[in-house]
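K.L.:
Quick check, what structure comes out for this input:
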Amino acid sequence: MSDISCRVFEFFETGAAHYGYTLEQLVDGIDIELEVLQEPSNRVPWPVWSQICERFEVLAGGPECSLEWGRTIIDLDDASTPTRAIGGALVNTDLVYVAVARWLGPYFFRSHEWRVERLQPGHIILEINMPEPVSPAWWRMAEGSFIAIPLAFGGKPAQVNARIDGGFGRFEIRREASTTLWARTIARIRAAFAAPALLEELAVLQADLRSALVEANESQREMHRALSAVPEPVALIKGGKAIWRNDAWIRSLGPEIPPQVTLAVGAGADIGGDEPFEVHLQNDSIYEVVPPVEISYEGVPAAMVMLRDVTQARSAGERLRVADRLASLGTLAASIGHEINNPLQVALGSLDLAERDLDGAADDAELRSNLESATDGIRRAAAITSDLLSFGREDATSDVLQMANMVDTALRLAGNELRHIGSIRVTIDPQLPTVRGNAGRLIQVIVNLLINAAQAMRECPDREHCIEIEGIPYGRQVRLQIRDTGPGVPPELLRRIREPFFSTKGQGGSGLGLAVCESIMKDHGGSIEISNLADGGAQFELRLPMSACHLELAPAPPVDGMALEPSKRILLVDDEPMIATLIQAQLAPCDVVACQNEASAMEAIKGNGHFDAVLLDVMLLEGSGLDVARRLPAELQERVIFMTGGVFEGEMLAELSDRPNPVLPKPFTQGKLLEVLGEVTG
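P.N.:
Predicted coordinates:
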């Protein structure tokens with residue numbers, strides 16, 4: 001939503017006195033405090049200004065009053081000081097309209113688009129594009145102001161043809177050519193030579209010139225005062241050198257004109273051009289250069305240049321693009337994880353059955369070893385998939401977490417990057433208190449720091465390298481220290497390394513990693529501390545508050561697995577036929593009724609009454625396991641076990657979290673399946 005500078009409210013304050021009503025009447029019924037409007041440094045939403053304009057017009061007496069007031073404010077000494085000051089220095093009144101469109105308009109109405117085109121002397125097109133609905137009263141005030149601008153400089157009112165279409169206004173402005181001091185001087189000289197009183201006329205001319213010089217000096221002082229109040233950096237450039245700059249310029253860029261700005265103004269910005277352009281300075285800041293305006297300064301042409309600091313805006317835009325890519329990556333990881341877990345379930349379950357078939361048979365050591373290797377490989381693949389699902393998950397869930405588990409997961413995720421850098425030593429106190437947070441996001445922090453450490457150590461190939469990871473309790477905090485044997489962080493960069501988009505990796509780095517990590521830690525009430533080690537290398541220390549329930553987690557008592565008996569009846573709902581066949585084999589000789597969707601499951605319940613347990617896959621081609629669960633009879637609700645190979649968001653995640661039923665992640669072994677069935681069947 002666009003916002004407007006409260007400096008504009010001065011016009012309405014003067015208008016209230018002019019038309020005889022109070023400011024309280026002006027804001028009556030509008031959702032804004034009068035004190036907010038009276039503070040010039042404030043900015044308020046455009047819809048509020050739109051209401052104020054409408055209210056002003058009603059209190060003043062109608063549409064003609066808005067047009068009249070637009071003309072009147074140009075002649076008010078206080079209100080028109082910026083316009084008069086800039087206009088007094090410009091070559092002609094046409095450039096006043098240019099200055100209004102490029103400077104004053106965007107300053108007061110920041111997010112409105114202003115465009116000006118000078119067709120020929122005295123003929124100007126000025127267009128304004130508003131991002132939101134616009135009060136017709138505001139358009140009338142603007143039209144009145146454009147009519148009156150020449151009056152402020154001794155000219156006649158302009159003729160304005162206004163075309164308004166919702167939030168777009170087009171003003172065609174025509175004015176008579178100004179009678180400049182030079183034109184008046186020439187006319188007087190000609191008249192003097194044609195008249196007998198030559199000396200008298202020359203004396204009058206001399207007095208006029210002296211008066212004009214005083215006015216020009218005062219106009220220049222007014223211009224300096226006006227430009228000094230502008231919050232953006234402004235400078236006057238002549239011959240590639242600064243002849244004046246405001247305080248904002250000196251604070252932001254120092255007393256000199258950066259060479260990039262001088263070159264850009266001289267080579268890339270035609271005076272009177274319409275498009276702003278950007279310059280990148282050596283301190284990594286980015287400034288947008290407003291197209292310069294030509295003025296007359298001390299009798300010679302000069303360029304008035306204003307800069308806008310857009311560094312944060314560009315950084316925010318880049319962060320949004322990166323966040324969008326990360327969100328897409330998370331979604332892709334969740335989708336791939338779900339698709340991979342189903343075939344992993346079939347493979348792992350089949351190996352379980354093969355090992356079971358070997359029991360009691362002639363022992364083939366080589367075959368058993370091969371089966372164990374295959375099983376271990378599938379379990380490792382399943383662990384990686386599980387890590388990806390957790391890593392890609394961007395929900396706001398908060399769990400009690402053990403630091404050791406998160407470090408193990410991070411080491412697996414970063415394994416490829418860490419494989420050839422040296423040794424890794426992990427020392428985590430078994431009694432280390434738990435922390436509370438989002439596992440995926442905290443693992444992301446640890447992975448990022450491990451990869452940074454590995455990349456830093458590659459810069460020192462002649463050393464023997466080691467990454468040390470140590471978890472320690474400290475007061476009411478849990479601290480995780482990650483130390484490397486790389487070159488360390490240059491002392492002058494210890495502060496800047498945290499800034500978004502600052503990277504020590506040149507073009508190879510986005511400069512986002514550590515900034516994102518710090519943001520995640522702040523979201524968890526923690527911090528990252530960075531220091532250099534005495535023997536070389538760097539230490540990154542994660543500090544997190546321990547969870548409120550950091551008591552040692554006692555291991556759950558073992559649960560007897562469900563006995564495999566023909567009398568046990570299980571309802572299975574899964575749309576993968578291979579998984580259904582596998583589970584039937586794992587649970588043999590139990591009676592397992594397999595269904596592929598909600599309709600067939602309801603049919604099975606109607607015709608087959610009693611079931612000891614219900615296995616529901618959460619994600620089905622038609623509906624979901626939750627849809628089936630909601631329709632189950634009350635006596636089966638507590639016997640439900642949800643199976644899942646994916647990660648969930650929103651309402652589905654909330655409902656799964658609220659239900660007391662166990663959730664069995666795929667892929668699972670026969671032993672795990674029987675264990676969970678044992679919990680449900682008692």
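
K.L.:
Phi first, then psi, for Cys595.
P.N.:
phi -130, psi 150 (degrees, to the nearest 10).

K.L.:
burial count for it?
P.N.:
Around Cys595 there are 21 other residues, counting by other C-beta atoms under 10 Å. Yep, even glycine has a C-beta here, placed from its N, CA and C like the rest.

K.L.:
Contact partners for the closest residue in space to it that isn't next to it in sequence?
P.N.:
Nearest non-adjacent residue to Cys595, counting by C-beta to C-beta, 6 or more residues apart in numbering: Ala601, 4.3 Å away. By C-beta atoms under 8 Å, 6 or more residues apart in numbering, the residues touching Ala601 are Leu571, Val573, Cys595, Val628.

K.L.:
what's the helix or strand for Ala601?
P.N.:
Secondary structure from DSSP states H and E places Ala601 in helix 598-608.

K.L.:
What is the helix or strand following that helix packed up against?
P.N.:
Toward the C-terminus, helix 598-608 is succeeded by strand 613-617 as the next helix or strand (DSSP H and E). With contacts taken as 3 or more C-beta pairs under 8 Å, 6 or more residues apart in numbering; DSSP states H and E, strand 613-617 sits against strand 569-573, helix 625-631, strand 640-644, helix 670-681.

K.L.:
Please convert the ones you listed to CSV, extending it with distance to Ile467 and mean neighbour count.
P.N.:
Shown next, in CSV, are the helices and strands packed on strand 613-617 (distance: least, C-beta to C-beta, whole Å; neighbours: other C-beta atoms under 10 Å):
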stretch, distance to Ile467, mean neighbour count
strand 569-573, 46, 23
helix 625-631, 42, 18
strand 640-644, 34, 21
helix 670-681, 33, 18
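
K.L.:
Phe171: which of those is closest?
P.N.:
When the helices and strands packed on strand 613-617 are compared by C-beta to C-beta, helix 625-631 sits nearest Phe171, at 59.9 Å.

K.L.:
starting at the chain centroid, how far to that closest one?
P.N.:
38 Å (C-alpha atoms, centre = their mean, to the nearest Å).

K.L.:
That one - what's its average pLDDT?
P.N.:
For helix 625-631, mean pLDDT rounds to 89.

K.L.:
Put the alpha carbons of the helix holding Ala601 into PDB.
P.N.:
Extracted in PDB, the C-alpha atoms of helix 598-608 (Å, rounded to 0.1, in the frame of the first residue of the first chain):
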ATOM      1  CA  GLU A 598     -12.200 -44.800   0.800                       C
ATOM      2  CA  ALA A 599     -15.200 -46.300  -1.000                       C
ATOM      3  CA  SER A 600     -13.800 -49.900  -0.900                       C
ATOM      4  CA  ALA A 601     -12.700 -49.400   2.700                       C
ATOM      5  CA  MET A 602     -16.200 -48.400   3.800                       C
ATOM      6  CA  GLU A 603     -17.600 -51.400   1.800                       C
ATOM      7  CA  ALA A 604     -15.200 -53.800   3.700                       C
ATOM      8  CA  ILE A 605     -16.300 -52.400   7.100                       C
ATOM      9  CA  LYS A 606     -20.000 -52.900   6.200                       C
ATOM     10  CA  GLY A 607     -19.500 -56.500   5.100                       C
ATOM     11  CA  ASN A 608     -16.800 -57.500   7.600                       C
END
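
K.L.:
and it, which residues are buried?
P.N.:
Under the neighbour-count criterion of 16 or more other C-beta atoms under 10 Å, helix 598-608 has Glu598, Ala601, Ala604, Ile605 buried.

K.L.:
Where is the longest strand in the chain?
P.N.:
Assignment by DSSP state E gives strand 286-297 as the longest strand of the chain.

K.L.:
tell me what the following helix or strand past that strand is packed against?
P.N.:
Following strand 286-297 in sequence order, the next helix or strand is strand 300-309 (DSSP H and E). The helices and strands touching strand 300-309, judged by 3+ C-beta pairs under 8 Å, 6+ apart, are strand 234-238, helix 247-253, strand 286-297.

K.L.:
Note down every partner strand of strand 300-309 and its orientation.
P.N.:
Using DSSP bridges, the strands paired with strand 300-309 in its sheet are strand 234-238 (antiparallel), strand 286-297 (antiparallel).

K.L.:
residues touching Gln345, list them.
P.N.:
Contacts of Gln345 (C-beta under 8 Å, 6+ apart): Ile579, Leu582, Gly645, Lys666, Pro667, Phe668.

K.L.:
need those residues in JSON lines with neighbour count, secondary structure and pLDDT, can you?
P.N.:
Output for these, formatted as JSON lines (neighbours: other C-beta atoms under 10 Å; DSSP: H, G, I helix; E, B strand; the rest coil; pLDDT from 0 to 100):
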{"residue": "Ile579", "neighbour count": "23", "secondary structure": "helix", "pLDDT": "86"}
{"residue": "Leu582", "neighbour count": "21", "secondary structure": "helix", "pLDDT": "87"}
{"residue": "Gly645", "neighbour count": "25", "secondary structure": "coil", "pLDDT": "76"}
{"residue": "Lys666", "neighbour count": "27", "secondary structure": "coil", "pLDDT": "84"}
{"residue": "Pro667", "neighbour count": "25", "secondary structure": "coil", "pLDDT": "83"}
{"residue": "Phe668", "neighbour count": "22", "secondary structure": "coil", "pLDDT": "86"}
